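Asks: my questions concern the predicted model and sequence given below.
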Amino acid sequence: MKLSNLLSTLDSQIPIAAVDVLSPDEATIIQWLTTEANNKLKSPVFFWNLGVSSLEQCLIASDGGLVFKPVAEYKKPPQADPLLYVFDYIANFSGDGVFILGDIHPFIAKNSPQLSWEIVSKVKNLYHRLKPTGKRIVLLGQNIQLHESLIRLIPYCEVPLPSVEQVKEHINSYLYDLWELASQIDEPFKLNLSDSDQETLSRAALGLTLEEISDFLRLTVKEKLTDDGIVVDADFIPKAVEYKTRLLSQMGIELGKPASIPFGGLDLLREWLQRRRRLFTQEARSLRLPQPKGVLLAGPPGTGKSHCAKNIATILNLPLLQLDIASLLGSLVGESEGNVKRALKTAEAIAPCVLFIDEVEKALSGQGDTSGVSQRILGTLLTFMSECTAGVFIVATCNDPSVLPTEFKRKGRFDESFFVDLPTEPERVQILGIHLERFGIQVQLEYLEAVAASTAKFSGAELETLASEAALLAFDEGRPQQVTLGDLEACRQTITPLAIQDAAAVERMQAWAATARRASSPVVAAKTQSLRTAKYRNLN
């Protein structure tokens with residue numbers, strides 16, 4: 001059911017419905033529902049939850065705002081259960097009315113520790129007995145999951161996050177109201193936003209609720225208020241990103257920054273991405289071309305999978321979101337998958353974007369999970385991957401694909417599964433050069449080739465460590481930014497690669513590579529030069 005169909009649903013003798021809404025927008029939905037019920041059903045609207053001491057009537061004030069007025073006739077005896085009493089009050093209410101009951105879903109939710117069979121029975125009784133009356137109930141809350149005995153009785157709708165058009169309209173409306181208010185009190189007001197700036201500001205606010213956007217605008221206007229009055233300009237854009245980043249981080253979503261360091265090698269993966277970067281444009285959508293779903297990057301630890309995922313957002317020219325599933329795990333039954341679902345819906349609202357899930361096997365393997373949380377999170381993620389058409393490109397990394405559920409890594413779930421192996425010799429040359437350049441260090445190509453030839457089992461992370469240690473050694477010896485081949489060789493000997501420490505795990509990963517697509521082209525074996533040859537060549 002869509003939210004727009006809620007009133008027609010209630011008007012067609014379906015007495016109870018559920019509305020899942022993010023907490024910041026609850027008041028907005030109550031206000032909308034009050035207006036709609038007054039106009040279309042000619043019915044008063046009442047609100048109740050465990051946090052209020054009485055039943056309250058919802059009224060629309062002359063300025064369009066929402067007002068709550070206590071109902072004098074509602075008098076709960078001190079010993080009565082508040083939830084059971086409000087059900088009895090509704091059953092015995094003499095007139096028509098729409099009763100909004102907030103946050104009661106834990107008492108009627110499947111597998112909830114707060115589940116009450118008495119309350120479930122009361123809800124079922126009310127459903128059947130309110131049908132011929134003019135009394136209706138709306139269950140309002142966040143992460144609503146009804147008990148199996150109620151699912152087929154109570155229709156359910158979810159309030160989506162606003163689209164970019166809705167965000168733009170809301171910002172313009174808010175700024176117009178602000179201009180009117182400033183005019184009334186003779187406060188100078190300047191709107192220095194071009195059409196392009198307004199579009200950028202709207203996209204920067206994607207993923208927030210309308211109420212959160214209002215809070216951001218109110219806060220930022222207050223901070224920027226000076227003796228010269230109110231000025232709304234392009235400075236609001238980075239502040240919107242900062243505000244959204246802070247809110248999303250509380251939900252386990254990090255708004256990633258563009259990769260500052262390129263990745264070396266992985267030419268086949270890079271080529272595959274370049275061919276798909278235009279599929280996220282409006283032109284591709286107008287031609288109804290399929291939206292890419294994502295890639296699974298698997299390989300030994302330290303091969304640069306996470307770093308590569310951040311570069312993918314740069315290659316595709318899309319914003320990067322990083323989903324930390326571990327931070328979304330809750331103690332209550334159903335809380336974890338509800339948090340994951342809400343995070344995925346946020347990504348869908350920001351789309352097109354890259355959604356990065358690092359070391360996905362830790363959340364989905366199910367090892368040591370006796371509560372079934374991993375399976376429910378897996379189901380939530382699989383449903384999203386199959387149904388989302390908004391352009392959320394999922395990049396999942398994995399150190400051990402053997403523990404991943406088969407249904408997650410099967411062909412068609414992702415566009416492609418890439419095996420990111422230990423870097424080849426030419427890739428090791430690139431990686432070493434990239435990390436040495438970070439410290440302003442230039443090393444002759446033949447020296448890099450010689451070091452690359454002697455680091456056959458090094459991962460990208462271990463090559464980064466080698467470059468850092470060599471730069472520190474040169475600095476400590478009074479030769480800043482003057483790394484020699486001897487420095488690199490001395491530091492190389494102090495590093496034992498993981499491929500040697502845990503050879504069995506790396507070999508097991510490389511055996512799995514036969515089922516995936518390689519991210520790098522194979523290298524034709526060629527005679528490599530020794531360190532001694534490179535060290536003494538071309539010296540005058």
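Replies: Good, I have the coordinates. Being a predicted model, the structure only gives us computed values, none of them experimental.
Asks: all helices of the stretch 201-350 of the chain, in order?
Replies: 210-224, 236-249, 267-274, 282-286, 305-316, 335-350 (DSSP state H, counting those that start in this stretch).
Asks: and these: which comes nearest residue 448?
Replies: helix 267-274 (18.0 Å; C-beta to C-beta). Any C-beta I mention is one placed from the backbone N, CA and C, and that applies to glycine too.
Asks: next one: the closest one to chain centre, how far?
Replies: When distances are taken as C-alpha atoms, centre = their mean, to the nearest Å, helix 267-274 is centred 25 Å away from the chain's centroid.
Asks: list the buried residues in it.
Replies: Buried residues in helix 267-274, counted by 16 or more other C-beta atoms under 10 Å: 269-270, 272-273.
Asks: residue 349 is in contact with residue 160, correct?
Replies: Yes. If you go by C-beta atoms under 8 Å, residue 160 and residue 349 touch, sitting 7.2 Å apart.
Asks: more neighbours: which of these two?
Replies: The residue with more neighbours, out of residue 160 and residue 349, is residue 349; 20 against 14, by other C-beta atoms under 10 Å.
Asks: mind showing which ranges of the stretch 401-540 of the chain have poor pLDDT?
Replies: Low-confidence segments of the stretch 401-540 of the chain (pLDDT under 70): 523-540.
Asks: and if you look at the stretch 151-300 of the chain?
Replies: 258, 260.
Asks: residue boundaries of the strands in it?
Replies: 156-158, 189-191, 230-232, 253-256, 294-298 (DSSP state E, counting those that start in this stretch).
Asks: tell me which of those is the most buried.
Replies: Counting by mean count of other C-beta atoms under 10 Å, strand 294-298 has the highest mean neighbour count of these, with a mean of 25.
Asks: just list what that strand packs against, helices and strands only.
Replies: helix 305-316, strand 392-398, strand 416-419 (3 or more C-beta pairs under 8 Å, 6 or more residues apart in numbering; DSSP states H and E).
Asks: quick one on the thing from earlier: which one of the buried residues of helix 267-274 is nearest residue 301?
Replies: After measuring these against residue 301 - C-beta to C-beta - the closest member comes out as residue 269, at 17.9 Å.
Asks: re earlier: to residue 13, which of the helices and strands packed on strand 294-298 lies closest?
Replies: strand 392-398 (38.6 Å).
Asks: which residues are in contact with the closest one?
Replies: Contacts with strand 392-398, where a contact means C-beta atoms under 8 Å, 6 or more residues apart in numbering, come from 280, 292-298, 305-306, 309, 312, 316, 318, 344, 347-348, 351-361, 384-385, 404, 414.
Asks: go with 7 Å
Replies: Strand 392-398 has contacts (C-beta atoms under 7 Å, 6 or more residues apart in numbering) with 292-298, 305-306, 309, 312, 316, 318, 347-348, 351, 353-361, 385, 404.
Asks: quick one: strands adjacent to that strand?
Replies: Note on strand 392-398: by DSSP bridges, its sheet partners are strand 294-298 (parallel), strand 353-357 (parallel).
Asks: check the gap between residue 420 and residue 406 for me.
Replies: Shown here: residue 420 relative to residue 406, a distance of 21 Å by C-beta to C-beta, to the nearest Å.
Asks: the two - which one has more neighbours?
Replies: Neighbours were counted for residue 420 and for residue 406 using other C-beta under 10 Å; residue 420 has more, 27 against 7.
Asks: buried set for stretch 208-222?
Replies: 208-214, 216-217, 220-221.
Asks: please render the helices and strands packed on strand 294-298 as a markdown table that adds distance to residue 57 and mean neighbour count to the earlier fields.
Replies: Formatted as a markdown table, these follow (distance: least, C-beta to C-beta, whole Å; neighbours: other C-beta atoms under 10 Å):
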| stretch | distance to residue 57 | mean neighbour count |
| --- | --- | --- |
| helix 305-316 | 49 | 21 |
| strand 392-398 | 42 | 26 |
| strand 416-419 | 57 | 21 |
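Asks: how far away is the nearest residue in space to residue 166 that is not next to it in sequence from residue 4?
Replies: Residue nearest to residue 166 in three dimensions, not counting chain neighbours: residue 210, with 7.4 Å by C-beta to C-beta, 6 or more residues apart in numbering. According to C-beta to C-beta, residue 210 and residue 4 sit 16 Å apart.
Asks: for residue 138, which three-state class applies?
Replies: strand (DSSP: H, G, I helix; E, B strand; the rest coil).
Asks: that one against residue 17, yeah?
Replies: Yes. If you go by C-beta atoms under 7 Å, residue 138 and residue 17 touch, sitting 5.6 Å apart.
Asks: so residue 400 versus residue 501, what's the distance?
Replies: 16 Å.
Asks: pick out whichever of those two has more residues nearby.
Replies: Set side by side, residue 400 and residue 501 show more neighbours around residue 400, with 18 against 10, by other C-beta under 10 Å.
Asks: give the burial count for the nearest residue to the more buried one once chain neighbours are set aside, as a bare number.
Replies: Distances taken as C-beta to C-beta, 6+ apart place residue 361 nearest to residue 400, at 5.7 Å, with adjacent residues excluded. When neighbours are counted by other C-beta under 10 Å, residue 361 registers 21.
Asks: which residues touch residue 361?
Replies: 398-400, 403-404.
Asks: likewise for residue 234?
Replies: 193, 197.
Asks: do that again at 10 Å, thanks
Replies: Neighbouring residues of residue 234 by C-beta atoms under 10 Å, 6 or more residues apart in numbering: 192-194, 196-198, 200-201.
Asks: pick the one among those residues closest to residue 469.
Replies: Using C-beta to C-beta, the contacts of residue 234 come closest to residue 469 at residue 200, 42.6 Å.
Asks: how far away is the residue nearest to that closest one when sequence neighbours are not counted from residue 257?
Replies: What sits nearest to residue 200 in space, not counting adjacent residues and going by C-beta to C-beta, 6+ apart, is residue 237, at 5.5 Å. Distance, residue 237 to residue 257, using C-beta to C-beta: 15 Å.
Asks: quick one: which of these two has more around it?
Replies: residue 237 (18 against 10).
Asks: isn't that one right next to residue 205, touching?
Replies: Yes. Applying C-beta atoms under 10 Å, one finds residue 237 in contact with residue 205, separated by 9.3 Å.
Asks: what number of residues lie near residue 42?
Replies: 9.
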